[in-house]
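Peer 1: When you get a sec, could you give me coordinates for this:
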Amino acid sequence: MTKNRVKNLACCTSVLIFATCNTAPDLGIFAGNTDIGAVNHAGSVEYNRADGSYTLSASGTNMWFNEDELHYVWKKMSGDLSIAADIEWVGDGVDPHRKACLIIRQSLEPGSAYADAVIHGDGLTSLQYRDVTGGATREVQAALSAPRRIRLEKEGDYLSMSAAFAGEELAAAGGAFKLAFSEPFYVGLGLCAHNNAVIEKAVFSDVVIETIAPKADSLKKVASTLETIAIASFDRRVVYHTDVLIEAPNWSPGQTLIFNSSGLLYKIPVAGGEPELIPSGFARRINNDHGISPDGSQMVISDATETGSSLIYSLPISGGTPHKITMLAPSYWHGWSPDGKTLAYCAERNGNYDIYTIPFTGGAEKRLTTAEGLDDGPDYSPDGKYIYFNSVRTGTMQIWRMKADGSEQEQITTDELHDWFPHPSPDGKWLAYITFGRDVPADSHPPNKDVMLRLMNLATREVQVMAKLFGGQGTINVPSWSPDSERLAFVSYQLK
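Peer 2: Sure, this is the predicted structure:
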């Protein structure tokens, strides 16, 4: 099919689009239906008024990269809302990546910004989004497959998904992202065959669109999602979602993630599953500054059980009785030298927070920074030559680097935002960190804020935004790279 510029007055009043458009005498709660992109076969929709179901037919190559091809049944809306439906494929299908989705689009152009909750033909269930017109598509893969019902939720600028299997109630799938839509926008049902030579069908039933009433943050509860993000694509995958506060994942040399929650440590397979408590003896007030030794045999924790103020302890990776390393408090661990012999940490001494090091076996601590104001988040480069850290000494929180002995301190980032917790990748190519906006004090890293995960190429100093999310304290306080440098673990949050 050739692309024809069509002025579509029946479905898309006064909007010029690259599409064909079909009308139906009755589309139920929707206003129009449209082929978007260079589809090979015209799509269609059949609305069954008796049971309220919509049977969509569509071809289309994909909904991905910079443009989409799909059939779309839509209405224009504004404000905060959700759209939910049961989804059932018709037939075995040709391509396992065929997509049936609930979708919000800024426009009917193929390259429009959009967000969707989608079930693929092979059961993969995810949130997909393109945050700018013509930009790349990203996704957040859920830790479940082939649910019966899904719901796409828009609250403010955040999009999230809930899912349910047959006979179950909808539950949050985790992994919200930030995308600002201009009002009005399009809301509806979408279908793509993922093969432009064929036509696929899916039935959307019990379709419900609801407005979401505003709710004061003080009445909301926090929900946490443990995720990983691929450095090559910035695509995200949900490992674990919970209504309990969890923080600060570490990635073990194996395929296990360790995090803290309610003063204790837990481990969970990277592939997902249920968390398992790690025994920590008397330590019951473990905070989010903990980590794993380079050889994977030991852990260090920062815990306030003994004195009411954080001290650093060691224990075996499998758990056990903590052994005290720092005698002075407060001390918050952040980095481990590649040879396993030295710890780097942030500590308050005489009213000033600075970077210190201490032998893993204990002994005298060494002060590395002396600037006024907060220096925090030290983490070693994989060759052990440098320590990266964040410092407020220039007025905004920025990333710095120094030799491992504290000499030659140099500023790495120079933007107007607040950059925290730098983590070099194990291969030495990348630096991951979290960025807060100017709405927070420079020396503060609070929870429940709009933040960005950013990635610096250490060879070129080029910086990319990996994800915009709701987070902050607990998101990536400590090293969380996969051993192969291909993924990063983090925690995102929602207030519900």
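
Peer 1: show me where pLDDT drops low in this protein?
Peer 2: Within the chain, the segments meeting pLDDT under 70 span 1-25.

Peer 1: Quick check: closest non-adjacent residue to S205.
Peer 2: Closest residue in space to S205, ignoring its immediate chain neighbours: S53 at 4.1 Å, by CB to CB, 6 or more residues apart in numbering. Bear in mind the C-beta positions are built from the backbone N, C-alpha and C, glycine included.

Peer 1: same question, F234
Peer 2: Of all residues beyond its chain neighbours, the one nearest F234 is M466 (4.9 Å), with distances taken as CB to CB, 6+ apart.

Peer 1: elements contacting the host helix or strand of that neighbour?
Peer 2: Assigned by DSSP states H and E, M466 falls within strand 463-471. Under the contact definition 3 or more CB pairs under 8 Å, 6 or more residues apart in numbering; DSSP states H and E, strand 463-471 sits against strand 177-178, strand 449-457, strand 487-495.

Peer 1: for these, which one sits closest to S252?
Peer 2: Shortest distance between S252 and those, using CB to CB, is found for strand 487-495: 10.4 Å.

Peer 1: buried residues in that closest one?
Peer 2: Buried residues in strand 487-495, counted by 16 or more other CB atoms under 10 Å: 487-495.

Peer 1: How far off centre is that strand?
Peer 2: Mean-position distance between strand 487-495 and its chain equals 5 Å (CA atoms, centre = their mean, to the nearest Å).

Peer 1: That one versus strand 463-471: what angle between them?
Peer 2: Interaxial angle of strand 487-495 relative to strand 463-471 (axes from the mean of the first three to the mean of the last three CA atoms, to 10 degrees): 40 degrees.

Peer 1: Other residues contacting the strand holding M466?
Peer 2: 131, 138, 158, 176-179, 229, 231, 234, 236, 413, 432, 434, 447-457, 475, 488, 490-495 (CB atoms under 8 Å, 6 or more residues apart in numbering).

Peer 1: Buried only: go through the residues you listed for me.
Peer 2: Using 16+ other CB under 10 Å as the burial test, those include 131, 138, 158, 176-179, 229, 231, 234, 236, 413, 432, 434, 447-456, 475, 488, 490-495 as buried.

Peer 1: just the strands in the stretch 251-400 of the chain please.
Peer 2: Using DSSP state E, counting those that start in this stretch, the strands of the stretch 251-400 of the chain run over residues 256-261, 264-269, 276-278, 291-292, 298-303, 311-316, 323-324, 331-336, 342-349, 352-359, 366-367, 375-380, 386-391, 398-403.

Peer 1: Taking strand 264-269 as reference, get the angle to the fifth one.
Peer 2: Just to be clear, that refers to strand 298-303. Going by the same axes, to 10 degrees, strand 298-303 makes 140 degrees with strand 264-269.

Peer 1: Give me the helices and strands touching strand 298-303, please.
Peer 2: By 3+ CB pairs under 8 Å, 6+ apart, strand 298-303 packs against strand 291-292, strand 311-316, strand 331-336.

Peer 1: Ok, which of these comes nearest I301?
Peer 2: Taking CB to CB, strand 311-316 is the member of these nearest to I301, at 5.3 Å.

Peer 1: which helices and strands sit right next to the closest one?
Peer 2: strand 298-303, strand 323-324, strand 331-336.

Peer 1: Centre of the chain to the first one, how far?
Peer 2: Averaging C-alpha coordinates over strand 298-303 and over its chain gives two centres that are 26 Å apart (CA atoms, centre = their mean).

Peer 1: ok, now the shortest one?
Peer 2: Relative to the chain's own centre, strand 323-324 is displaced by 34 Å; criterion: CA atoms, centre = their mean.

Peer 1: Would you give the sheet partners of that strand, along with the direction of each?
Peer 2: If you go by DSSP bridges, strand 323-324 pairs up with strand 311-316 (antiparallel).

Peer 1: buried stuff in the partner strand?
Peer 2: So for strand 311-316, counting by 16+ other CB under 10 Å, buried means 311-315.

Peer 1: could you give the angle of it to strand 331-336?
Peer 2: 50 degrees.
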